[in-house]
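Visitor: Give me a model of this one.
(2 chains)
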Amino acid sequence: MSAAPGVVDDLRGDLHTEHQRLNMGPSHPATHGTVKFLIELDGETIINLDVQVGYLHRGFEKECESGAWYQAIPYTDRLNYNSAILCNLGFCLAVEKLLELSTPERCQWLRVLAAEISRLGDHLTRCGAACLELQAMTPFLYGIEARELIWDLQEMLCGARVTSNYVRIGGVKHDMPAGFPAAAGEKIVKIRELLVDFEKVVTQNRIFVDRLKGTGVLSQVDCLRYAVTGPVLRAAGVPLDLRKDQPYLVYDQVDFDVPIGEVGDNYDRYLVCLEEMQQSLRITEQCISKLERLGPGPVDVDDPRVRWPAKGRVFNQMEELIEQFKSVTEGPRVPAGEGYTAIESANGELGFYLVSDGSAHPVKVRCRPPSFLNIQPLPLMVRGAMLADLIPTFDFLNMIGGECDR
Amino acid sequence: MTEAGSVALRRLLSEQAPAVLASHEDLGDATATLLPETLVEVMTWLRDERGLEFEMLMDLTAVDYLEQGRTPRFEVVHHLYSVACGHRLRVKLPVAADAAEVPSLCEVWPSANWMEREVWDLYGIRFSGHPDLRRILLYEEFEGHPLRKDYPKKRRQPLPGGEA
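Guide: You can find the predicted model right below:
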C-alpha cells in the first residue's frame, strides 16, 4: 500500500512553522545584567532581536548636575560596579582637565596601580560569570576566589571592597598602607596560580571551545562603525588601547603588551581578556616596585581649590577655617569651558564630557558608557545563530547595567 | 594628540569653510560648530577623506544652556575618533528650543542610532531621518524629557503598570 501523493509531498517539503516571539529578561538566570531581549525565533534560530536597556536608569547625569563637582565621585562608583576605581578615575581626570591640574608623580603611580587592580576584578568577573552561565561552576569559583583577593587589596587601599570612592579630584584618598607591597606580592602569586587552574579547566575544554568558537562574530569594520571598543574591538584585531595610543597618567612608563584576536568571536574575546589579566598583573608589579623606589611623597596636588587645608591650621587660623568651610559646603569652582577625557576602562573607552560655566555645579556631566555602545550591535552578532549562542555572546560583551543605563 | 587633532580642524576650516560657524581648541580639544543643514555632508566627508578618516562616532550627546540664557538653547555634541590617524574632533550643532530637530547620522555611523534615541529620550531633540526614534532608557509612558534644565529633579512619575 502506498501513501497518497499529497502526503509524500508534505514529508519531502519543509515543516511549516511560524516564527515565535520570546521575551528574555529583564531578570534572567543566564544573563548577568538587567536587560530584556525581545527575540523572534524560527525554531531555535534567532531571526531578529530587539535589545531593551534602561532598567537600571537612575538619572546619573541629572544627579551630578545638581550637586557640587566632588559629589559626583560616589555616583561614578555605581556606574561599573565591577571596576569602580576606573570610573572614579575617568571622572576625576576630566575635572582635572578643566581645572588644568596635574597631579604629583606618586599619585599617578597609585592611580595606575588602583586602576589595574580594578581592571583585573572586572575581567575575572566577566570570564568567571561567563563560565557559570555556560553551566561550569568550578571555573567561576576560581575566578571569584581570585576576585576576593583583588578586593582584599582594594580594601587595603581605600577601606571598601566594591564602591571604592578612591580617586579624588587632584589626588587619591590615601597613600597605600605600609603592608601593601608585601600583601600584594603574596596575592599576585596566588592569583597567578588561580588563573593557571582556570585556564586548565576552560581554555581547551571541548564544551567551552565549541560554544565560543565562531559564535558572536563581529568584524573589524562593524566594530568601528558601531564604535565598539575595549576587548571586543581588540578581539577583532584592532589594537586600539588608549593606554598605548593616547597614554594618560604614567602608562607611557610601564611595560605591557596589548593582546589582539584574529576573527572577533567569543573565543578570541575570552583569550584577549585572559591575556589582559596577565598584563595587568605585570603593570601592578611594576607600579608597586616604582612606588617603593619613589619613597614617601604627596599623593594629592597642592592647590587650594581642591585640597583641604591641614587640620592643625584649620583649628587655629581664621582664613583656613573659612577655606575649609567653603571646600566642604561648595567644593571647587571649575573654570568655564568644556572638555572630553577618555580612559581605557575594562570594557573600552570610558569618556566624560564635562561643561562648566564657572560655578560650583556642573552644567553637563556626560558619561560615554562603553557597555551601552558595545551591546548595540548585539543583533548583528546573533542574527541567524542558535538561541544558545546568545548567552556566551552577551557574557563576553560584559554589559554592566549600572554603566549602560546610568 | 593635540597636534593631530588640530590638523583635522585646520583642514575642516580651509576645505569646508562655509559650513563652520565657530571653532576653538581650548584645553587641546579641537572643536567646530557646524551649520545644521550641512551636518550629514560634512560628517560623511570627515569619515571618508584621506588623512582624516574618522571611522568612529565615539559619543553623541546634548547640552541644555537654559540657565546660561544662551540662544539657541541646545547644543548637540559629537565626538569623533580616528583609529587610523589617532586623532579626535568635537563637532557641535546649535539647536533652537522650538524647532529641536537635527539631521540623523545613522546613515553615516550606525553607532549614532542608540545615542540619538537617548538624546531624544532625555532632551526631547528629534533626529530627522532616524529609522527608529523610540525612547531608550525611559519607558514610552514617561512624560517630558528629564535632562532638560526646566524638568524638576524631584518630580515623580508613576512606573508603568500602575500601583502595585
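
Visitor: Chain A contacts on chain B?
Guide: Contacts of chain B with chain A, taken as C-beta under 8 Å from any C-beta of the partner chain, map to B:1, B:26-27, B:29, B:31, B:55-59, B:61, B:63-65, B:67-68, B:77, B:79, B:81, B:83, B:86, B:88, B:90, B:109-111, B:113-115, B:118, B:122, B:135-139, B:146-147, B:153. In short, each C-beta sits where N, CA and C put it, glycine included.

Visitor: Please list all residues in contact with B:Met56.
Guide: A:Leu224, A:Ala227, B:Leu80, B:Tyr81, B:Ser82, B:Val83, B:Trp109, B:Ser111 (C-beta atoms under 8 Å, 6 or more residues apart in numbering or on different chains).

Visitor: all strands for chain A, in order.
Guide: A:20-24, A:36-42, A:45-52, A:167-168, A:171-172, A:337-345, A:348-356, A:364-368 (DSSP state E).

Visitor: got it, and chain B?
Guide: B:20-24, B:31-34, B:56-64, B:74-81, B:88-95, B:101-103, B:126-128.

Visitor: Columns mean pLDDT on top of those strands, output as CSV?
Guide: Converted to CSV, those look like this (pLDDT from 0 to 100):
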stretch, mean pLDDT
strand B:20-24, 85
strand B:31-34, 90
strand B:56-64, 92
strand B:74-81, 93
strand B:88-95, 91
strand B:101-103, 85
strand B:126-128, 89
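
Visitor: and of those, who's closest to A:Leu38?
Guide: strand B:126-128 (22.6 Å; C-beta to C-beta).

Visitor: Mind listing what's buried along that closest one?
Guide: B:Arg126, B:Phe127 (16 or more other C-beta atoms under 10 Å in any protein chain shown).

Visitor: what does stretch A:22-39 give?
Guide: Those would be A:Met24, A:Gly25, A:Pro26, A:His28, A:Thr31, A:His32, A:Gly33, A:Thr34, A:Val35, A:Lys36, A:Phe37, A:Ile39, for stretch A:22-39 by 16+ other C-beta under 10 Å.

Visitor: Identify the farthest-apart pair in the residues you listed.
Guide: Among these, A:His32 and A:Ile39 lie farthest apart (C-beta to C-beta), at 18.1 Å.

Visitor: Please tell me I have it right and A:Cys38 contacts A:Val53.
Guide: Small correction: residue A:38 is Leu, not Cys. No. A:Leu38 is not in contact with A:Val53 according to C-beta atoms under 8 Å; the separation is 12.0 Å.

Visitor: Find the least confident helix or strand in the chain, judged by mean pLDDT.
Guide: Since no chain was named, I'll use chain A. Within chain A, confidence by mean pLDDT, DSSP states H and E is lowest for helix A:5-12 among all helices and strands, at a mean of 64.

Visitor: should've been chain B
Guide: Min over SSEs of chain B, mean pLDDT, DSSP H and E: helix B:2-15 (a mean of 72).

Visitor: who's in contact with that one?
Guide: B:20, B:23, B:25, B:28-32, B:42, B:46, B:49, B:51-52, B:54, B:82, B:85-89.

Visitor: Let's see that with 7 Å instead.
Guide: Here helix B:2-15 makes contact (C-beta atoms under 7 Å, 6 or more residues apart in numbering or on different chains) with B:Val20, B:Ser23, B:Glu25, B:Gly28, B:Ala30, B:Ala32, B:Leu52, B:Cys85, B:Gly86, B:His87, B:Arg88, B:Leu89.
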